[in-house]
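Asker: One predicted model, sequence on top.
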Amino acid sequence: MNPSGTIKKLLKKAATEQEKILKQLYVAAAISSAFEKKGIRAVLVGGAVVEYYTAGGYTTIDIDMILPPLEKQEIETVMKELGFERFEDYRHWIHPQIRIPIEFPPGPLQIGHLLVQEVNEIEIEKIKLKILRIEDILMDRLVAAQEWKDHQAQIHAEMLMYAHYTDIDWPYVHQKSSQLGILKPLQKIQKKVKRRVKR
């Protein structure tokens, strides 16, 4: 499989793009499209999703994408054809012209112990890039805040909540947060953010 014209164009754009979040989205869309051609779903997760939903309010240097369970060789084949080079192990890649680290954390796609069923899709140069929904990345940050005592993750959750307060599916978030054991911290932050939104 040689990368299609659209994928090559995305990587070329990523190499010259100055705005970091756009650069990341071009790269993620190129990788997603290449796996999609093999019938493999790749979903953008992690800090790049927080950066996208907060319009750069939070910033990260790498890209995390979740794939279904694959053989190492399947990942190697796709990534090498795109011009990426492996570092550390088969999960970590970088493109010599783009210099954004790519990581494929182990799947499946889940928040805490709960599997994620639905994802969001955003269009990047006519490619549909799958990313975590705002509700799931919000809960992902709260799980990290609670499990790892990660204060930054809590700040990210507040930023996400504030930026998208009226768009969030709150019944879904409350139900899943209860299952994840993060309902109390969620409600505490929600109360605080709600006051700011109403000002």
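Answerer: Cool, the structure landed.
Asker: make it CA atoms for all contacts and neighbour counts henceforth
Answerer: OK.
Asker: the helices in this protein, which residues?
Answerer: Here the chain has its helices, by DSSP state H, at 5-16, 20-36, 47-53, 72-81, 134-147, 151-164, 170-180, 183-198.
Asker: Of all those helices, which one comes closest to Thr59?
Answerer: helix 47-53 (5.5 Å; Cα to Cα).
Asker: and the closest one, C-alpha only, in PDB?
Answerer: Only the C-alpha atoms of helix 47-53 are listed here, as PDB (Å, rounded to 0.1, in the frame of the first residue of the first chain):
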ATOM      1  CA  GLY A  47      -3.700  15.400  25.300                       C
ATOM      2  CA  ALA A  48      -4.200  16.300  21.600                       C
ATOM      3  CA  VAL A  49      -8.000  15.800  22.200                       C
ATOM      4  CA  VAL A  50      -7.900  18.100  25.200                       C
ATOM      5  CA  GLU A  51      -6.000  20.600  23.100                       C
ATOM      6  CA  TYR A  52      -8.600  20.400  20.300                       C
ATOM      7  CA  TYR A  53     -11.600  20.800  22.600                       C
END
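Asker: And the residue nearest the centre of this structure?
Answerer: For the chain, the residue nearest the mean C-alpha position is Val45 (2.1 Å; Cα atoms, centre = their mean).
Asker: Tell me the confidence at it?
Answerer: On pLDDT, Val45 comes in at 97.
Asker: I'd like the helices of the chain written out as JSON lines, with mean neighbour count and distance to Lys126 added.
Answerer: Below are the helices of the chain laid out as JSON lines (neighbours: other Cα atoms under 10 Å; distance: least, Cα to Cα, whole Å):
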{"stretch": "helix 5-16", "mean neighbour count": "17", "distance to Lys126": "9"}
{"stretch": "helix 20-36", "mean neighbour count": "22", "distance to Lys126": "10"}
{"stretch": "helix 47-53", "mean neighbour count": "22", "distance to Lys126": "18"}
{"stretch": "helix 72-81", "mean neighbour count": "14", "distance to Lys126": "20"}
{"stretch": "helix 134-147", "mean neighbour count": "21", "distance to Lys126": "22"}
{"stretch": "helix 151-164", "mean neighbour count": "20", "distance to Lys126": "25"}
{"stretch": "helix 170-180", "mean neighbour count": "15", "distance to Lys126": "30"}
{"stretch": "helix 183-198", "mean neighbour count": "14", "distance to Lys126": "34"}
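Asker: quick one: which of those helices is nearest Pro106?
Answerer: The closest of the helices of the chain to Pro106 is helix 72-81. By Cα to Cα, the value is 11.7 Å.
Asker: counting contacts, what elements does the closest one pack onto?
Answerer: Applying 3 or more Cα pairs under 8 Å, 6 or more residues apart in numbering; DSSP states H and E, we find helix 72-81 packed against helix 20-36, strand 89-94.
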